[in-house]
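**Student:** turn this into a model:
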Amino acid sequence: MHELGTLDARLLTNPKDVDALAALSKILRELRQFTLAFADARAALAVDDKSAAAHFEAAHDFDGLGQSKEALAHACTATELDPNDSAKWFFRGILERERANFAAAIESQTRSLKIEELLVALDEREQCERRIGKINEADADLRRIRELAPQEK
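**Tutor:** Next up is the predicted model:
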């Protein structure tokens, strides 16, 4: 991967490049190398514990390692540091749903949808609404999903 070489070169020049460390963590996570990815996220956090990107990557890495409580803590910090990123809110909602906190998951997906309306976030919110008996809201989300979804031929 060319991107890995570029990131390695950036880190050789500046080992405290938080953005490069977070990007490297993301690549390693995508390769399902969660322990290595977490090491880079942790290194980024050691340099700048206010990096939303580093907390977001740590959340993903903890999730990949099966540590949902820690994953959610980092996802919450990431959304606090960068409240205008729909992907961070979406992932936080996923983690909240996995921990059966459906009300919080709905709130997070709603925040994500206010920033960017995506089918996947609507679907997540609709499922959580059904789980806690908010049928009218779930039906409204389902109607919106059908409006936005490509028509099958």
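
**Student:** ok, now which ones touch Pro15?
**Tutor:** If a contact means Cβ atoms under 8 Å, 6 or more residues apart in numbering, then Pro15 has no contacts. Glycine gets a C-beta too; all of them are placed from N, C-alpha and C.

**Student:** now it: phi and psi?
**Tutor:** phi -60, psi -10 (degrees, to the nearest 10).

**Student:** distance of it from Ala23?
**Tutor:** The gap separating Pro15 from Ala23 is 14 Å, by Cβ to Cβ, to the nearest Å.

**Student:** now Arg125, nearest residue through space, not along the chain?
**Tutor:** Counting by Cβ to Cβ, 6 or more residues apart in numbering, the nearest residue to Arg125 once its immediate chain neighbours are dropped is Gln109, at 3.8 Å.

**Student:** can you tell me the helix or strand for the one you found?
**Tutor:** Counting by DSSP states H and E, the element that carries Gln109 is helix 102-115.

**Student:** hmm, who's touching the helix or strand just after that helix?
**Tutor:** Next in sequence after helix 102-115, counting helices and strands by DSSP H and E, comes helix 119-131. Helix 119-131 is contacted from outside by 86, 90, 93-94, 97, 102, 105-106, 109-110, 112-113, 135, 137-138, 141-142, 144-145, 148-149, using Cβ under 8 Å, 6+ apart.

**Student:** repeat that for stretch 16-34.
**Tutor:** With Cβ under 8 Å, 6+ apart as the criterion, stretch 16-34 contacts 1, 3-4, 7-8, 10-11, 14, 36-38, 40-41, 43-44, 47-48, 51, 53-54, 56-58, 60-61, 64-65.

**Student:** looking at these, which are in helices?
**Tutor:** Of these, the ones assigned to helices by DSSP state H are 3-4, 7-8, 10-11, 36-38, 40-41, 43-44, 47, 53-54, 56-58, 60-61, 64.
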